[in-house]
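Colleague: Build me a model:
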Amino acid sequence: MGEKPCLSLAGRTLRWTFPGGPTGNAIYEHDFRADGTVEWRQVGGGAQQPPSNVAKEKQTRYESFEVAAGLHLVSYLAESGYTLTVLVNLNDGVLHGFASNDKQWYPLVGTLSLG
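Modeller: Sure thing, here's the model as predicted:
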């Protein structure tokens, strides 16, 4: 078997938004679980998802690494086919990342708030 996953954000709930990219201006809440899954849901902003999708929490496997004090690199592959890789700066609330799928790639800068 492989190594134990890195889950430096386990037990945290974070809200973030990116003004650009495939979900521009939507606010998402992320619950990073100790079992290696992240659950997220849109909680505001951006084009709202249809009601049948808003109530449904999305869940997938993630990994996160604390690369320096308060700086966490996190990545997950959503069922939409997009991979999100983000440097979460808990010190100043700024996010830097990339969203990509097999056809598109978006560099992202956004903001963070603790849930």
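Colleague: For this structure, just list every one of the strands.
Modeller: 13-17, 27-32, 37-44, 58-68, 71-77, 83-89, 94-100, 105-114 (DSSP state E).
Colleague: Mind listing what's buried along the fifth one?
Modeller: Residues of strand 71-77 classed as buried by neighbour count (16 or more other Cβ atoms under 10 Å): 71-74, 76. Placement of C-beta: from N, CA and C, glycine included.
Colleague: count of residues packed around K4?
Modeller: 7 (other Cβ atoms under 10 Å).
Colleague: picking up where we left off before, quick one: closest of the strands of the chain to K4.
Modeller: Distance to K4, taken as Cβ to Cβ, is lowest for strand 58-68 among the strands of the chain, at 10.3 Å.
Colleague: which residues does V86 contact?
Modeller: 16, 73-75, 95-98, 108 (Cβ atoms under 8 Å, 6 or more residues apart in numbering).
Colleague: 6 Å - rerun?
Modeller: 74, 95, 97 (Cβ atoms under 6 Å, 6 or more residues apart in numbering).
Colleague: What residues are bridge-paired with the last one?
Modeller: What it means is G97. Taking DSSP bridges as the rule, G97 bridges to V86, L108.
Colleague: Just the pLDDT for it.
Modeller: With respect to pLDDT, G97 has a value of 97.
Colleague: before we move on, back to that, between the buried residues of strand 71-77, which is nearest R61?
Modeller: Y76 (6.6 Å).
Colleague: Now do the same contact list for that closest one.
Modeller: Counting by Cβ under 6 Å, 6+ apart, Y76 touches 38, 60, 62, 84.
Colleague: Return the residues in contact with the closest residue to the last one other than its chain neighbours.
Modeller: Nearest residue to L84 in three dimensions, chain neighbours excluded: A99, at 5.2 Å (Cβ to Cβ, 6 or more residues apart in numbering). Shown in contact with A99 (Cβ under 6 Å, 6+ apart): 21-22, 82, 84, 106.
Colleague: ok, now S100?
Modeller: Contact analysis of S100 by Cβ under 6 Å, 6+ apart lists T83.
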